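# here's my sequence, what's the structure:
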Amino acid sequence: MMRERLYLYDTTLRDGQQTQGVQFSTAEKQRIAAVLDRLGVDYIEGGWPGANPTDSAFFDAAPQTRATMTAFGMTKRAGRSAANDDVLAAVMNAKTPAVCLVGKTHDFHVTTALGITLAENVENIARSVEHLVAQGREALFDAEHFFDGYKANPSYALECLRAAHDGGARWIVLCDTNGGTLPQDVGRITADVIAAGIPGDRLGIHTHNDTGNAVASSLAAIDAGARQVQGTLNGLGERCGNANLCTLIPTLLLKAPYAERFETGISQEAMAGLVRASRLLDDILNRVPVKSAPYVGASAFAHKAGLHASAILKDPATYEHIDPALVGNDRIIPMSNQAGQSNLRRRLAEAGIDVAPGDPALARILEEVKAREDQGYSYDTAQASFELVARAGLGQLPQFFEVKRYRVTVERRKNKYDRMVSLSEAVVVVKIGDQKMLSVSESMDEDGNDRGPVNALSNALAKDLGPYQAHIDDMRLVDFKVRITDGGTEAVTRVIIDCEDGAGHRWSTVGVSPNIVDASFEALLDAINWKLIRDGARA
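Next up is the predicted model:
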């Protein structure tokens, strides 16, 4: 049986950026776009050019993607032509192959929010879409507040859709903008739209999660005939978020009837990177991943000791609806179990460390990891630190140098402009062989800004490591995250550091201490030691 094509449209970089507390940098948007492209989505909505400097900068240097890069904007304003609307022109100037324009389809919003007549709004939609098509762009129309508008005035809501359809829009996207429409209504209304003459292979669905039904409503629209589905990684989005693509994608690829009925641009191999994509986004946002998230959460395939764990060892299908490896996840069972050692051996093999089954060192490593996690360590996103712990348990951790002492001071003083500024200074003494080496570094950059005590420590530690200096000269700290794992005045601080070298290799390390400087220094030491091991440095 021929399967129908279902198209996936990602709006993490636009709608996801409307999440409270989220503001991507241009570099972060480029990283996320690369992840989305590797995943295999069909469209990447990069943002609203002209709406803010970050989005404009992103489109000025938009990455080359297999996915269709899409700019977002709004229909032209009343009283001017599409060709002479400066807001629409800014969107067109992004020169993306596709453009998505949002327009009102709820009569209440037209008269109240826009303050124009219903006929003027229809005219704005038609002329804007025609303008896109005339310029050779693939046109998408986001029918804002469509479901509420259809309930209030179905004939007018449909008139708006027909204006976009007749104007040449490739996709007409039904938006549950307020997120309050339940799945059965989404399905019924989508079917009504198709019956009214808008083909399903021209319809998309865009849902919000205000009732916790965004994924269910998206599936209901697909069941009714819509053939494009929009969403975001990890369900980012304003208020309660958008439909979560990390849930939708595996559901569509692995669950009946969708797996049998549809094909998407997502391959089975790409889907195995879904957990990594989800956690990369959380790392960029400095958020703790939701452990209970379907498919990609750390607890999605976790089984506590007892009946469940016993059954899982006999046959994983007893308590798992899919093989966790299909989405890049892992089964988690008590550390002392043989399956726990199997998981450990797999992680070690990924790091190039081969350990025979039943090696007594495996149990020691598991106990050490468990003890450290009780202290606040987290190795989910700090693979480099995990590898060092494992190497220590196996007796394979070389000692390249020894830190004898370090000190950090922070001074507040007036600069030449009579402004109070901070200056951090670090002193690090290391011993390499029989030689002690002292390095001092300040955190002041060339613009006179203080980069903080951790930056000073990093500079001092990497300033002179004698025979190992060539290995770390191209190493730089690219991200620094701090999380408090326990509250109160005796709180434990977890620091996660991401480093990168000149070849673009990136690795993460973790440090834990009640003292943020000590936690940071521990993570810095791990970062340097891991790179020396990876580069084959000799102790």
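# quick one: the helices in the stretch 301-450 of the chain?
With DSSP state H, counting those that start in this stretch, the ranges of helices along the stretch 301-450 of the chain come out as 307-314, 338-350, 360-375, 383-393.
# so the last one versus helix 360-375, what angle?
Helix 383-393 runs at 130 degrees relative to helix 360-375, counting by axes from the mean of the first three to the mean of the last three C-alpha atoms, to 10 degrees.
# helices or strands next to helix 383-393 in the packing?
Helices and strands touching helix 383-393, as assessed by 3 or more C-beta pairs under 8 Å, 6 or more residues apart in numbering; DSSP states H and E, comprise helix 338-350, helix 360-375, strand 506-513, helix 516-534. C-beta coordinates here come from the backbone N, C-alpha and C atoms, glycine included.
# and the first one, what's its mean pLDDT?
Mean pLDDT, taken over the full extent of helix 338-350, equals 67.
# please apply the same query to the last one.
Predicted confidence along helix 516-534 averages 94 (mean pLDDT).
# kindly report the same for the third one.
Mean pLDDT, taken over the full extent of strand 506-513, equals 91.
# just how off-centre is that strand within its chain?
Averaging C-alpha coordinates over strand 506-513 and over its chain gives two centres that are 19 Å apart (C-alpha atoms, centre = their mean, to the nearest Å).
# can you give me phi and psi for the residue of the chain most remote from its centre?
Distance from the C-alpha centroid of the chain peaks at D434, with 46.4 Å (C-alpha atoms, centre = their mean). Main-chain torsions, D434, degrees, to the nearest 10: phi -100, psi 0.
# ok so, going back, save the helices and strands packed on helix 383-393 as JSON lines, and put in mean neighbour count too.
As requested, the helices and strands packed on helix 383-393 are arranged in JSON lines below (neighbours: other C-beta atoms under 10 Å):
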{"stretch": "helix 338-350", "mean neighbour count": "16"}
{"stretch": "helix 360-375", "mean neighbour count": "15"}
{"stretch": "strand 506-513", "mean neighbour count": "22"}
{"stretch": "helix 516-534", "mean neighbour count": "22"}
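# please convert these to a markdown table, extending it with distance to G16.
Formatted as a markdown table, the entries for the helices and strands packed on helix 383-393 read as follows, by distance: least, C-beta to C-beta, whole Å:
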| stretch | distance to G16 |
| --- | --- |
| helix 338-350 | 30 |
| helix 360-375 | 30 |
| strand 506-513 | 22 |
| helix 516-534 | 28 |
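# relative to L101, which of the helices of the stretch 301-450 of the chain is closest?
Put simply, out of these the one that sits nearest L101 is helix 383-393, at 42.8 Å, with distance taken as C-beta to C-beta.
# where in the protein is pLDDT low?
Filtered on pLDDT under 70, the chain yields the residue ranges 1, 304-313, 332-340, 342-343, 346, 380, 444-450, 486-490.
# swap in 50 and give it another go.
The chain contains residues with pLDDT under 50 at 305-306, 334-339.
# ok, and the closest non-adjacent residue to G225?
In space, not counting the residues next to it along the chain, G225 is nearest to G200; the distance is 3.2 Å by C-beta to C-beta, 6 or more residues apart in numbering.
# I'd say that neighbour and Q228 touch.
No - using C-beta atoms under 8 Å as the test, G200 is too far from Q228 to be in contact (9.7 Å).
# please, which helix or strand holds D479?
Take DSSP states H and E as the rule and D479 turns out to sit in strand 476-484.
# list the buried residues for that strand?
Within strand 476-484, the residues scored as buried using 16 or more other C-beta atoms under 10 Å are 477, 480-481, 483.
# can you check stretch 462-470 too?
Those would be 462-463, 465, 468, for stretch 462-470 by 16+ other C-beta under 10 Å.
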